[in-house]
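Student: Predicted model, plus sequence, below.
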Amino acid sequence: MNFVLQHKDPFTKARAGVIDTAHGRIQTPIFMPVGTAGTVKGVHRNFLLNKNDINADIILGNTYHLYLRPGLDVLQKAGGIHGFSNWDRPVLTDSGGYQVYSLSGTRKLTDEGVKFASHIDGSKHMFSPERVMDIQRVIGADIIMAFDECTPYPCEYEYAQKSMHMTHRWLDRCFSRFNETEPIYGHEQALMPIVQGSVYDDLRKQSAEYVLKHDAKGYAIGGLSVGEPHEDMYRITELVTDILPYDKPRYLMGVGTPENLLNAIALGVDMFDCVMPTRNGRNGNVFTTEGIINIKNKQWADDFEPLDSLLTPEYNKAYVRHLFQSNEMMGPIIASIQNLRFYLWLVRQARLRILQGDFHIWKQSILKTVSRKLS
């Protein structure tokens with residue numbers, strides 16, 4: 001994996017670059033559709049691969065879910081996630097740390113790792129930093145994440161500090177295991193550390209400086225977008241990006257709304273993921289180039305204008321609403337595809353504006369449009 005910084009916006013910290021991996025090139029800033037179980041829910045791979053459609057440079061998979069189902073034996077027999085899902089572009093896998101956080105009622109956390117009960121059948125499992133590295137070797141993603149604890153919000157300072165130090169110890173163990181093992185499928189894998197520390201500036205500074213002990217190919221910011229005010233998210237993001245290396249990609253995990261993406265790009269973030277486009281789409285919330293709509297609302301019942309005249313002109317609003325009202329699965333599918341088209345369009349427009357040098361002007365204008373609620 002190699003990152004080349006191509007251009008920086010002269011008035012903000014926004015950057016445009018490219019990441020080269022064994023499975024292809026990723027143009028940044030980039031949004032990664034979430035494919036938790038090896039697929040982007042409700043979206044056919046042809047839409048993701050089509051250069052005239054969503055055209056995702058990279059998708060994200062999840063270590064926790066893929067480990068439980070289909071399981072490591074199946075994945076290894078298939079040649080890893082690329083062979084299993086017939087996806088020949090880059091893949092990033094989260095380490096399962098967020099799932100550990102979300103399973104707080106069924107897990108036991110110690111310095112050794114995490115014991116948890118499967119949400120599928122209640123079976124008992126153990127994730128340690130070493131085990132998570134071994135699992136991600138078997139999955140075979142191009143970019144893999146260090147095992148960390150994602151602290152909740154609000155979080156007491158003492159807990160955040162204790163958790164951060166444990167995450168750092170786990171990070172050292174992740175790199176030790178990673179460095180003593182080899183990729184299974186013949187392509188390079190890059191391991192990214194994760195900066196933690198909740199919303200406390202001094203802890204975030206300590207964590208950002210600690211992860212730099214490891215000369216990684218990129219660095220991530222975790223533990224945000226978990227309920228904290230947006231002002232805290234942006235403050236912490238800027239603090240951390242100012243410390244992380246200028247010549248390495250920065251990944252803000254689990255973020256977020258279109259407004260979040262644009263503001264974080266302006267702070268120097270290169271990579272994003274979030275379930276929002278597909279999850280919201282399945283519930284009828286549609287992001288468009290003119291604003292946000294709830295397609296289930298009655299006002300769209302006889303609106304025959306396109307769902308999005310730029311991105312999805314083939315379906316009108318009344319028809320898509322009808323599909324939702326009729327519980328036809330095509331309604332959530334169309335909305336999910338539209339939302340992913342929009343998210344990828346947004347980051348590509350941001351990249352184009354960075355390269356042209358007018359990102360700061362465009363951002364102020366587009367923010368008003370994409371954030372307004374039309375229903």
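Tutor: Structure's in. What do you need?
Student: Buried residues, the longest helix belonging to the chain. List them.
Tutor: As assigned by DSSP state H, the longest helix anywhere in the chain is helix 330-356. Within helix 330-356, the residues that qualify as buried are 331-351, 353-354, counting by 16 or more other Cβ atoms under 10 Å. C-beta coordinates here come from the backbone N, C-alpha and C atoms, glycine included.
Student: Which pLDDT value does the model give residue 100?
Tutor: We have a pLDDT of 68 for residue 100.
Student: ok, now the one 3 residues further on?
Tutor: Reported pLDDT at residue 103 in the predicted model: 74.
Student: Distance of it relative to residue 282?
Tutor: Distance from residue 103 to residue 282, counting by Cβ to Cβ, to the nearest Å: 22 Å.
Student: Give me the helices and strands touching the helix or strand where residue 83 lies, please.
Tutor: Element membership for residue 83 (DSSP states H and E) is helix 80-85. With contacts taken as 3 or more Cβ pairs under 8 Å, 6 or more residues apart in numbering; DSSP states H and E, helix 80-85 sits against helix 72-78, strand 91-94, helix 129-139.
Student: Quick one: distance of it to the chain centre.
Tutor: Helix 80-85 sits 19 Å away from the centroid of its parent chain (Cα atoms, centre = their mean, to the nearest Å).
Student: Where in the protein is the helix or strand with the lowest mean pLDDT?
Tutor: Taking mean pLDDT, DSSP states H and E as the measure, the helix or strand of the chain with the lowest value is helix 97-102, at a mean of 73.
Student: right, and the helix or strand after that one?
Tutor: Following helix 97-102 in sequence order, the next helix or strand is strand 107-109 (DSSP H and E).
Student: just checking, what packs against that next one?
Tutor: On a contact count with 3+ Cβ pairs under 8 Å, 6+ apart, strand 107-109 meets strand 114-117.
Student: Excluding sequence neighbours, find me the nearest residue to the residue nearest the centre of the chain.
Tutor: Centroid check for the chain by Cα atoms, centre = their mean gives residue 273 as the closest residue, at 1.8 Å. The shortest distance from residue 273 to any residue other than its chain neighbours is 4.3 Å, reached at residue 32 (Cβ to Cβ, 6 or more residues apart in numbering).
Student: Same question for residue 109.
Tutor: Once flanking residues are discounted, residue 109 sits nearest to residue 149: 6.9 Å by Cβ to Cβ, 6+ apart.
Student: quick one: the strands in the stretch 251-375 of the chain?
Tutor: 271-273, 285-288, 291-294, 306-308, 312-316 (DSSP state E, counting those that start in this stretch).
Student: Mind listing residues that contact the last one?
Tutor: When you say that, I think you mean strand 312-316. Here strand 312-316 makes contact (Cβ atoms under 8 Å, 6 or more residues apart in numbering) with 303, 304, 305, 306, 307, 334, 337, 338, 341.
Student: With pLDDT as extra columns, can I get the residues you listed in JSON lines?
Tutor: Shown next, in JSON lines, are those (pLDDT from 0 to 100):
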{"residue": "303", "pLDDT": "98"}
{"residue": "304", "pLDDT": "98"}
{"residue": "305", "pLDDT": "98"}
{"residue": "306", "pLDDT": "98"}
{"residue": "307", "pLDDT": "98"}
{"residue": "334", "pLDDT": "98"}
{"residue": "337", "pLDDT": "98"}
{"residue": "338", "pLDDT": "98"}
{"residue": "341", "pLDDT": "98"}
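Student: what's the closest of those to residue 57?
Tutor: Each of those was scored against residue 57 by Cβ to Cβ, and residue 341 proved nearest at 14.1 Å.
Student: so who does the closest one touch?
Tutor: 53, 54, 308, 311, 312 are the contacts of residue 341 under Cβ under 8 Å, 6+ apart.
Student: any idea which of those residues has the most stuff around it?
Tutor: Among the contacts of residue 341, residue 54 has the most neighbours (other Cβ atoms under 10 Å), with 26 neighbours.
Student: With residue 32 as the reference, measure out to that one.
Tutor: 12 Å.
Student: Residue 194 now?
Tutor: Look at residue 194 and residue 32: by Cβ to Cβ, they are 15 Å apart.
Student: How about residue 371?
Tutor: Distance, residue 371 to residue 32, using Cβ to Cβ: 22 Å.
Student: can I see the domain layout of the chain?
Tutor: Domain assignment for the chain, taken from automatic domain parsing, gives 2-274, 275-375.
Student: what bits of the stretch 51-200 of the chain have low per-residue confidence?
Tutor: Scanning the stretch 51-200 of the chain for pLDDT under 70 picks out the ranges 100-101.
Student: can you rerun that using 80?
Tutor: For the stretch 51-200 of the chain, the stretches flagged by pLDDT under 80 are 97-106.
Student: Skipping adjacent residues, who's closest to the residue lying farthest from the centre of the chain in space?
Tutor: Here the chain reaches farthest from its C-alpha mean at residue 302, the gap being 36.0 Å by Cα atoms, centre = their mean. Leaving aside its sequence neighbours, residue 302 sits nearest to residue 318 (Cβ to Cβ, 6+ apart; 5.6 Å).
Student: Over to residue 235?
Tutor: Ranked by Cβ to Cβ, 6+ apart and with sequence neighbours excluded, the top spatial neighbour of residue 235 is residue 201, at 7.5 Å.
Student: Can you report how many residues neighbour the residue lying closest to residue 24 once chain neighbours are set aside?
Tutor: The shortest distance from residue 24 to any non-neighbouring residue, by Cβ to Cβ, 6+ apart, is to residue 89 (4.9 Å). Other residues lying near residue 89 total 19 when counted by other Cβ under 10 Å.
Student: Confirm residue 89 sits in a strand?
Tutor: No. Going by DSSP: H, G, I helix; E, B strand; the rest coil, the assignment for residue 89 is coil, not a strand.
Student: So it sits against residue 54, correct?
Tutor: No. Using Cβ atoms under 8 Å as the test, residue 89 is too far from residue 54 to be in contact (11.7 Å).
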